[in-house]
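Colleague: here you go, sequence then predicted model.
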Amino acid sequence: MLFTKRRLRATLMRSRDITGDLYHALITMTWPRFILGVGLLFLLVNASFALAYSAQRGAIINARPGSLWDAFFFSVQTMATIGYGIMYPGTVYANILVTLETLIGLFGLALAAGLAFARFSRPRARVLFSANAVVTLYHGLPTLMFRVADQRGNQVLEARVQATLLRNEISPEGHIMRRFHDLSLLRENTPSFTYQNAP
């Protein structure tokens, strides 16, 4: 099925929306945005529970009457399972909220830890490419040349290289299509891929 350019662009923009694939967005966003997002969600959830605790007078023992700050900090202590013991639930309503908040806190901690681990464990290739590629004669033939190197400084064994030309072509029916053409290389693999022995 062939898409028009406008329809394809609209489809891609919808798929890149953070709500379309939340897990992928959380894994690929920058660390500052991830930490800021988790922190804002933590504050928002605790503020919501603080409002819920404040809805009933006497729900939190030793909290100042009408103090939203006391309710908020009690919520933080409950969600983080700290439990200093100075403030504690005083009604059935408050105990139900504590139970619900503890459950949400446990799931939230597990999800945040899992996402942080997934972000740390993502393999990242640090390959350095030359700033410019050149076309020059090599053995009497015009040849495309570029240099790559391992930026990590470690040693990669049996590294393989593949080069593909990507260009737009017009099909016999008049459709513009993006075609891939594999390029033949002088050397497709190297026994040792290091900064000193870059192909």
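Modeller: Received, thanks. Residues are numbered from 1 along each chain as shown.
Colleague: all helices for this structure, in order.
Modeller: Along the chain, counting by DSSP state H, helices occupy 5-15, 22-28, 31-54, 68-79, 92-121.
Colleague: quick one: low-confidence residue ranges for the protein.
Modeller: Where the chain drops to pLDDT under 70, the residues are 1-20, 125, 153-154, 194-199.
Colleague: can you list the domains in it?
Modeller: 5-121, 127-193 (automatic domain parsing).
Colleague: tell me which of the helices of the chain sits most buried.
Modeller: Highest mean neighbour count of these: helix 68-79, a mean of 20 (counted as mean count of other Cβ atoms under 10 Å). Bear in mind the C-beta positions are built from the backbone N, C-alpha and C, glycine included.
Colleague: make CSV from the helices of the chain and add distance to Asn132 to it.
Modeller: Converted to CSV, these look like this (distance: least, Cβ to Cβ, whole Å):
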stretch, distance to Asn132
helix 5-15, 30
helix 22-28, 29
helix 31-54, 32
helix 68-79, 54
helix 92-121, 33
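Colleague: just want the most central residue of this protein.
Modeller: Geometric centre of the chain, nearest residue: Ile27, 1.9 Å, by Cα atoms, centre = their mean.
Colleague: distance check, it against Ala116.
Modeller: 10 Å (Cβ to Cβ, to the nearest Å).
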